[in-house]
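>>> coordinates for the following, if possible.
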Amino acid sequence: MNMLFKITNALKVFLASGRSLRSLSEKGASVASTLILHNCRHYIPVLGAIIDVGANQGQFAIAANHFYPGAHIHSFEPLPEVYPILQHNTRRLNGISTYNMALGNSTGMLEFYSNTYSHASSALNVSALQKNMLPKTATSHRIEIPVQRLDDLRHKVIFTSPVLLKMDVQGFEKEVLKGAMASLQQIDYLLFETSFVHMYEGEPLFDEMHDFVKELGFEFIAPVGFLQSDKLQILQMDLLYKRKNI
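Residues are numbered from 1 along each chain as shown. As a prediction, the model looks like this:
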């Protein structure tokens, strides 16, 4: 019953956003990303640029293009087998640039866990807790991927204000921010997923991330999405922050 309620509510928001049910069948279409961006739109009426870190197959980029058609989207996806899918799914979008790399706090190569369920791939290993709750995330193998700091890419990534930095990097968000200290002066909003339990080994949990982002000069706006267990425990939440004094 809970799942039926969530699906029905999601479809209502999908239709209210102006997207047709037919568009759900398009490659890369995502109800979850539509819900998150539908909620973001309440707080951010317009964006000039979106930095999409952890793009996967383009789910967020496709939804973002609908809600913010005037924004240039910079999508970063490191997995070599997923990146061509991202390119294919977003090929008809105007104003998108894609990059086959991770963002972090170093430049070079990064050891990475490529998960059979690609959404769960991360620079951090999946925790025993997550494997137990979500068995489809239990299998991964180590690879090496290219990584760069956002600060080193400012000659490529044009920060047209207002700018949203979205991060969905499975516990690696703090490292992305550490590599973007100079860039943050030009970033107006942060959107990232944070955990309340350890879904990945060594990931910073909500309290640590919230305090860290506040120290960087951002203030909390609202939660815009969440992940629940079958027992209705909130495991992760998508949080929206804005730079102070904007």
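>>> now the residue nearest the centre of the chain: how far from residue 230?
Centroid check for the chain by C-alpha atoms, centre = their mean gives residue 168 as the closest residue, at 2.8 Å. According to C-beta to C-beta, to the nearest Å, residue 168 and residue 230 sit 22 Å apart. Any C-beta I mention is one placed from the backbone N, CA and C, and that applies to glycine too.
>>> likewise residue 70?
Taking C-beta to C-beta, one finds residue 70 at 40 Å from residue 230.
>>> who has more neighbours out of those two?
Neighbour totals were compared for residue 70 and residue 230, and residue 70 leads with 12 against 8 (other C-beta atoms under 10 Å).
>>> do I have it right that that one meets residue 46?
Yes: if you go by C-beta atoms under 8 Å, residue 70 and residue 46 touch, sitting 6.9 Å apart.
>>> common neighbours of these two, please.
Residues within reach of residue 70 and of residue 46 at once, by C-beta atoms under 8 Å, 6 or more residues apart in numbering: there are none.
>>> quick check, residue 147 in a strand?
Yes: checked against DSSP: H, G, I helix; E, B strand; the rest coil, residue 147 lies within a strand.
>>> hang on, it packs against residue 101?
Yes: contact status for residue 147 versus residue 101: in contact at 6.3 Å, counting by C-beta under 8 Å.
>>> out of the two, which sits in the more crowded spot?
A count of neighbours by other C-beta under 10 Å puts residue 147 above the other of residue 147 and residue 101, at 24 against 16.
>>> wait, what's in contact with that one?
With C-beta under 8 Å, 6+ apart, residue 147 has these contacts: 78, 101-104, 106-110.
>>> ok, for it, nearest residue in space, not its chain neighbours?
residue 110 (4.0 Å; C-beta to C-beta, 6 or more residues apart in numbering).
>>> equivalent analysis for residue 222, please.
Of all residues not flanking residue 222 in the chain, residue 240 sits nearest, at 5.6 Å (C-beta to C-beta, 6+ apart).
>>> how about the helix or strand containing that neighbour: buried residues?
Under DSSP states H and E, the secondary-structure element containing residue 240 is strand 234-243. For strand 234-243, burial by neighbour count (16 or more other C-beta atoms under 10 Å) applies to 235-243.
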